[in-house]
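**Q** Here's a sequence, model it:
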Amino acid sequence: MTVKDMAKELEESQIVLCTVDRIRGTIVFVKIEEYNVEATITFSEISPGRIRNIRDYVFPGKKIVCKVLKIDPRGIHLSFRRVKQKERQEFNESLRKEKSFKALLKTVLKENAEKIIENIKKDNENLSDFLEEIKEDPKILEKYLQKKDSDKIIKILQEKKEKETTVSEEFSLSSKNPDGIKIVKDIIKKATKDYPDCDVSYLAAGKYLIKIKSRDPKKSDQQLTKIMEEIDNLASAEKCSFNSERT
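**A** Numbers count the residues shown, from 1 in each chain. Below is the predicted model:
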């Protein structure tokens, strides 16, 4: 697919899932998953300020969520740092729901699943949104499936009980201030003080993992979003380096 073709498919500010392919000089080359096309990210669009080690942020094989900055004759230009925390988490949640829905279709429809999924995607750009629509109006699914298969899928969706799930996110937080360690600890403490069910663990130098367990994944996802936004705001106020990615 040419850049000209992509201009018809992609839009500026669109959020896309990418896989890092290689790093050359100060350019990160990635593949946009859904479109199977190459794009680039300059180091300045990975993180603000000086990057000491780019592999602290990206490395070949890593999947990252990016925002389309510009499409021109030279190629597709993306940004990693301009994806807001809420945008990243909503996008990841949408991917999770889509993956779950595809798995359900394959379980029920067996070898016919791929063709049905393709037909659904022709009419519905986002499978996650389509899933929410059929929960509200199950008859929509009968447009693509025989009634007996549609009824089976709807029954599974209705009977499915939410088990305790864990939402988690890795993040890096550091400060060049002489009291940097204390500043980082204070930021984490302030951001999580209202959420007793969350747990933050130390992974490596400047890297942490935050987890929230709940029987209500939507609620815990919202809580995690608020916590990470608060860390981001506090880090900016303290001039700390901050980066995160949902696991």
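**Q** Give the burial count for the nearest residue to Ile210 once chain neighbours are set aside, as a bare number.
**A** Leaving out its chain neighbours, the residue that sits closest to Ile210 by CB to CB, 6 or more residues apart in numbering is Val200, at 4.9 Å. For glycine as for every other residue, the C-beta is placed from the backbone atoms N, C-alpha and C. The number of residues packed near Val200 is 16, by other CB atoms under 10 Å.
**Q** Walk me through the domains of this protein.
**A** 13-79, 89-159, 163-246 (automatic domain parsing).
**Q** Kindly reformat these as TSV containing mean pLDDT.
**A** Supplementary listing: the domains of the chain in TSV, determined by pLDDT from 0 to 100:
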stretch	mean pLDDT
domain 13-79	93
domain 89-159	88
domain 163-246	88
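**Q** Leu18: what secondary structure?
**A** Small correction: residue 18 is Cys, not Leu. Using DSSP: H, G, I helix; E, B strand; the rest coil, the structure places Cys18 in strand.
**Q** And stretch 93-106, what's buried?
**A** Glu93, Ser94, Leu95, Lys97, Glu98, Phe101, Lys102, Leu104, Leu105 (16 or more other CB atoms under 10 Å).
**Q** where do the strands sit along the protein?
**A** Residue ranges of the strands in the chain, as given by DSSP state E, are 15-24, 27-32, 37-42, 63-72, 75-79, 165-174, 198-204, 207-214, 241-246.
**Q** Would you point out which residue is most central in the protein?
**A** For the chain, the residue lying nearest the average C-alpha position, counting by CA atoms, centre = their mean, turns out to be Asn92 (3.0 Å).
**Q** I figured that one was touching Val65, is that so?
**A** Yes: applying CB atoms under 8 Å as the test, Asn92 and Val65 come out as touching, 6.8 Å apart.
**Q** Any figure for the gap between Glu142 and Ile154?
**A** Applying CB to CB, to the nearest Å, one obtains 10 Å for the distance of Glu142 from Ile154.
**Q** Val30 now?
**A** As for Val30, its distance to Ile154 is 38 Å (criterion: CB to CB).
**Q** Once you drop chain neighbours, what's closest to Leu95?
**A** Among residues not flanking Leu95 along the chain, Leu17 sits closest, at 6.8 Å (CB to CB, 6+ apart).
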